[in-house]
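Participant: Structural data only, the sequence is not supplied:
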C-alpha cells in the first residue's frame, strides 16, 4: 500500500541531477523492507523443515496468532515512531478483558455496557501514561514500567477482591455476549480454511494507521515529535497532545485485544499478558521502527508480528523440542533485526 | 526612523508604531539577572542587528521576543500593543517568526514535510501532498536554491540550504518580523553570503528582521540598527550612520579586554609575547584603546 502511495507523486519536471531510481532501490529505502526479507527467509526455512507448516490451515493459525500480537503492535509502532515506549501494554490488555467481564457480571449489565466501560478504562490507562510522561518529563520507559507493575498488581488484587478467585466467571450467558463475540472473536470459512475475524480487524487497523501516518497531518506530527520534539514545539505542533493521543491509541488497541480474549475464552485469568509488551515492541523494532523515534512503519510492525507468529507456530510444526522454543525465538528475532539493520545500511548507502 | 517601513503589509499599522518594541525590558532567572534595561525596536524593511559575545544575553532576548519566555521588567509591544506571549504559537500568530540555531527542523523528515510542519495544507482530512511539494520547490527556487528533490530528508541538505528552508518557511507563513538566531555561525564564507543575501531579500519584501550574531563583519553590511549586548545589558545602540565597521568590531571585541589579553600573553614571554604584540597592533589599528567611541557605555 505504502509503496504505491509514494510513487506517482513525484514533481512533474524531472531534475537531471536526480538519477531515476529504480523501483528496487526505492523499495529498499523503505523501513519495512528488512522485516520483509526476514519474514521470507523464516517462511522458507519452516516451509522446508516442517511439512505441516505448508498447509493453508497452518497459515491461517499463524495469521491468527500474529494478529493477536499484531493489533496492539499497530499502536505500539505509532507510539515508537512518536518517540515513546509503553511497557504496560501487555497487562493493559488483561485489564480491559477483566473490567468488561467483571462489570457485566457484577452489575448484571448487558455485555456491551461492560465492553464500553472497559474501553473507557483502557483509554484512561493510556491517558494517564501519556500525561505522566509529558508532564514529568521522565522517560516513558520508566513511567510505564511503574504503571506496568501497578496494573499487574491491580489485575490480581481487584479480581480476587471481586470474584474471590484469580479468574473471572464465565460470561457466556450474559445478554449481548453473542453479538459481541461476533464482532471480536468469530470465525468464518473461505474455501475450507477457517479464518479468525481478528485477521480482518488487524488488516483494517494496519491500513488505517498507515493512512494516518503517511497521508494526514497527524502522521506528520507523529514523525515530527519522535524525530525532534523541541523543533516540533517551536513550529507549533502540540507535542504533548500528540504523545498523549498515541498512548491512548495503545490503550484502544489493548482494549480491542482484551475484548477478543474475553469473547474467545469466556473467562479471563488475571495473570495473563505478562511479557507480551516486549513482543509488541519487538514486532515494531523488527519492522523497522527506530528505537529513538522519528522513523518506522506500521506495515513493518505487522510483518514483525507475522515473524513472531511464524516462529511461535513453526517450532511446533517442525516437531522441535518445545523446551528450546524461547531460544529459537530469540535467535530468529535477533537474526531478523540484524538483517533489517544490514539492509537499511545498504539502502541508505544507495541513496 | 520608526516610520520608514512601507505600509503595504499591514495597513492597520496606522499609528506608525514599530513592529516590535522593547522598552527597558529585563529578565531574571531566580536571583540571576539575565537581561535588564533593554531598548530595541524593529520596523518593516529594517534589519536590527543584536551583537554580543557568548553569554551576553542574546538567547534570552530572542526567547522573550519569540514567546518562549516572558519578560519580568519593562514592556514589549507589537505594533504598539503591549503583549505578553505564553507560547511561540502566540508570537507566530502576531507575525513574529523565529529561525533558531538548530533551525527547528526534523532531520529524518523530507524537506517538504518540514516546510509545512505545523501548517500542513489539507484537502479535507488528507494532506495535499502534491501542492505542498510544488510550493516548497517554488519557494526555495525564489530564494535561489534549486533543490534536487524535496523528498530527501532535510538532514541531507547543507547547513546553508537548511537555513534557507527555515527562513523561507517563516516568510511563507506570513512572518512580519523574522528573528534569526546566529544564522551564519556555523557556515563557511560562501554560505554565509547566501544567508546574508536572504536577509536583504527579506528586508526588501518589507519584513522586519532581528539578526542575532557575534560577527560584526556579517552584521554591518546588512544592518540598519545595531545593538550591542554585554552581560545582559545594552552597551550601545546605533543607527547605521552613527557607527563604522571598525568601531563596531572594536566594541564587539572589547578594546579593554583585548589589551588585558595582550598583557596576559606578554607575561608568558617568547612566542606568547609575539602574539601579544600582534594583538596590541590590532587594538591600535582599530582605534579602540581603553575608551570606546561616542554613543556607547
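Facilitator: Okay, I see it. All of these numbers come straight from a predicted model, not from anything done at the bench.
Participant: pLDDT below threshold where in chain A?
Facilitator: Low-confidence segments of chain A, defined by pLDDT under 70: A:1-26, A:28, A:336, A:340, A:343-344, A:346-351.
Participant: For it, which segments count as strands?
Facilitator: Secondary structure of chain A (DSSP state E): strands located at A:187-190, A:193-196.
Participant: And chain B, by the same measure?
Facilitator: Taking DSSP E as the criterion, chain B carries its strands at B:20-29, B:32-42, B:46-52, B:73-78, B:81-82, B:96-99, B:122-123, B:126-127, B:177-181, B:208-213, B:225-230, B:233-239.
Participant: As JSON lines, these with mean neighbour count and distance to chain A would be great.
Facilitator: Quick note: C-beta positions are derived from backbone N, CA and C, even for glycine. Shown next, in JSON lines, are the strands of chain B (neighbours: other C-beta atoms under 10 Å in any protein chain shown; distance: least, C-beta to the nearest C-beta, whole Å):
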{"stretch": "strand B:20-29", "mean neighbour count": "18", "distance to chain A": "18"}
{"stretch": "strand B:32-42", "mean neighbour count": "20", "distance to chain A": "20"}
{"stretch": "strand B:46-52", "mean neighbour count": "25", "distance to chain A": "19"}
{"stretch": "strand B:73-78", "mean neighbour count": "17", "distance to chain A": "17"}
{"stretch": "strand B:81-82", "mean neighbour count": "10", "distance to chain A": "21"}
{"stretch": "strand B:96-99", "mean neighbour count": "27", "distance to chain A": "7"}
{"stretch": "strand B:122-123", "mean neighbour count": "11", "distance to chain A": "6"}
{"stretch": "strand B:126-127", "mean neighbour count": "18", "distance to chain A": "5"}
{"stretch": "strand B:177-181", "mean neighbour count": "26", "distance to chain A": "11"}
{"stretch": "strand B:208-213", "mean neighbour count": "26", "distance to chain A": "15"}
{"stretch": "strand B:225-230", "mean neighbour count": "23", "distance to chain A": "22"}
{"stretch": "strand B:233-239", "mean neighbour count": "18", "distance to chain A": "26"}
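Participant: nearest to residue A:180, of those?
Facilitator: Put simply, out of the strands of chain B the one that sits nearest residue A:180 is strand B:126-127, at 33.1 Å, with distance taken as C-beta to C-beta.
Participant: how about the residues of the stretch 101-250 of chain A near chain B?
Facilitator: Applying C-beta under 8 Å from any C-beta of the partner chain, we find that the stretch 101-250 of chain A lies next to chain B at A:215-217, A:220-221, A:223-224, A:227-228, A:230-237.
Participant: Produce a PyMOL select command limited to the buried residues of those.
Facilitator: For selection in PyMOL, the members of these meeting the burial criterion (16 or more other C-beta atoms under 10 Å in any protein chain shown) are listed in this command:
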select buried, chain A and resi 215+216+217+220+221+223+224+227+228+231+232+233+234+235+236+237
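Participant: so what's residue B:120 closest to, chain neighbours aside?
Facilitator: residue A:217 (3.9 Å; C-beta to C-beta, 6 or more residues apart in numbering or on different chains).
Participant: on that earlier part again, so of the strands of chain A, which one's packed in deepest?
Facilitator: The densest packing among the strands of chain A, expressed as mean neighbour count by mean count of other C-beta atoms under 10 Å in any protein chain shown, is seen in strand A:193-196 with a mean of 16.
Participant: Can you verify my assumption that residue A:167 contacts residue A:265?
Facilitator: No. Counting by C-beta atoms under 8 Å, residue A:167 does not reach residue A:265; the two are 9.8 Å apart.
Participant: okay, and for chain B, where does confidence drop off?
Facilitator: Scanning chain B with the threshold set as pLDDT under 70 gives B:1-16, B:103, B:253-261, B:268-269, B:282-283, B:285-297.
Participant: Show me the residue at the heart of it, geometrically.
Facilitator: Ranked by distance to the mean C-alpha position of chain B (C-alpha atoms, centre = their mean), the top residue is residue B:211 at 2.3 Å.
Participant: wait, doesn't that one sit right on residue B:219?
Facilitator: Yes. Residue B:211 is in contact with residue B:219 according to C-beta under 8 Å; the separation is 6.5 Å.
Participant: shared neighbours, those two?
Facilitator: Residues touching both residue B:211 and residue B:219 by C-beta atoms under 8 Å, 6 or more residues apart in numbering or on different chains: residue B:49.
Participant: ok so, going back, of the strands of chain B, which approaches residue A:111 most closely?
Facilitator: The minimum distance between residue A:111 and the strands of chain B falls on strand B:126-127, with 36.6 Å, by C-beta to C-beta.
Participant: From the contact counts, what lies against that closest one?
Facilitator: With contacts defined as 3 or more C-beta pairs under 8 Å, 6 or more residues apart in numbering or on different chains; DSSP states H and E, strand B:126-127 has no packing partner among the helices and strands.
Participant: Apart from its chain neighbours, what residue comes closest to the residue nearest to the spatial centre of chain A?
Facilitator: Closest to where the C-alpha atoms of chain A average out (C-alpha atoms, centre = their mean) is residue A:73, at 1.1 Å. Spatial nearest neighbour of residue A:73, chain neighbours left out: residue A:283 (4.1 Å); criterion: C-beta to C-beta, 6+ apart.
Participant: State the distance from the one you found to chain B.
Facilitator: Using C-beta to the nearest C-beta, to the nearest Å, we find residue A:283 at a distance of 21 Å from chain B.
Participant: for residue A:248, same thing?
Facilitator: When C-beta to the nearest C-beta is applied, the distance between residue A:248 and chain B equals 19 Å.
Participant: Excluding chain neighbours, what is closest to that residue?
Facilitator: residue A:126 (3.8 Å).
Participant: That neighbour contacts residue A:243, correct?
Facilitator: No. With the criterion set as C-beta under 8 Å, residue A:126 and residue A:243 do not qualify as a contacting pair; they are 10.6 Å apart.
Participant: Those two: who's more crowded?
Facilitator: For residue A:126 versus residue A:243, the count of surrounding residues by other C-beta atoms under 10 Å in any protein chain shown is larger for residue A:126: 28 against 25.
Participant: Tell me the spacing between the more buried one and residue B:247.
Facilitator: Remark: distance between residue A:126 and residue B:247 (C-beta to C-beta, to the nearest Å) = 61 Å.
Participant: One more: residue B:22?
Facilitator: Between residue B:22 and residue B:247 the distance is 24 Å, computed by C-beta to C-beta.
Participant: got it, and residue A:136?
Facilitator: According to C-beta to C-beta, residue A:136 stands 51 Å off from residue B:247.
Participant: Residue B:200 now?
Facilitator: In this structure, residue B:200 and residue B:247 are 22 Å apart, going by C-beta to C-beta.
Participant: Also residue B:54?
Facilitator: According to C-beta to C-beta, residue B:54 stands 21 Å off from residue B:247.
Participant: So which of those two has more stuff around it?
Facilitator: residue B:247 (23 against 7).
Participant: neighbours around the one residue in the stretch 51-200 of chain A that gets nearest to chain B, how many?
Facilitator: Closest approach between the stretch 51-200 of chain A and chain B, counting by C-beta to the nearest C-beta: residue A:81, at 10.2 Å. Other residues lying near residue A:81 total 28 when counted by other C-beta under 10 Å.
Participant: was I right about it contacting residue A:291?
Facilitator: No. With the criterion set as C-beta under 8 Å, residue A:81 and residue A:291 do not qualify as a contacting pair; they are 10.8 Å apart.
Participant: nearest spatial neighbour of residue B:158, skipping sequence neighbours?
Facilitator: The spatial neighbour of residue B:158 that comes closest, neighbours along the chain excluded (C-beta to C-beta, 6+ apart), is residue B:191 at 6.9 Å.
Participant: ok, now how distant is that neighbour from chain A?
Facilitator: In this structure, residue B:191 lies at 19 Å from chain A, with C-beta to the nearest C-beta as the measure.
Participant: what sits against that residue?
Facilitator: Taking C-beta under 8 Å, 6+ apart as the criterion, residue B:191 is in contact with B:158, B:159, B:160, B:163, B:184.
Participant: what's near enough to touch the last one?
Facilitator: By C-beta under 8 Å, 6+ apart, the contact list for residue B:184 reads B:191, B:192, B:195, B:196, B:213, B:215, B:218.
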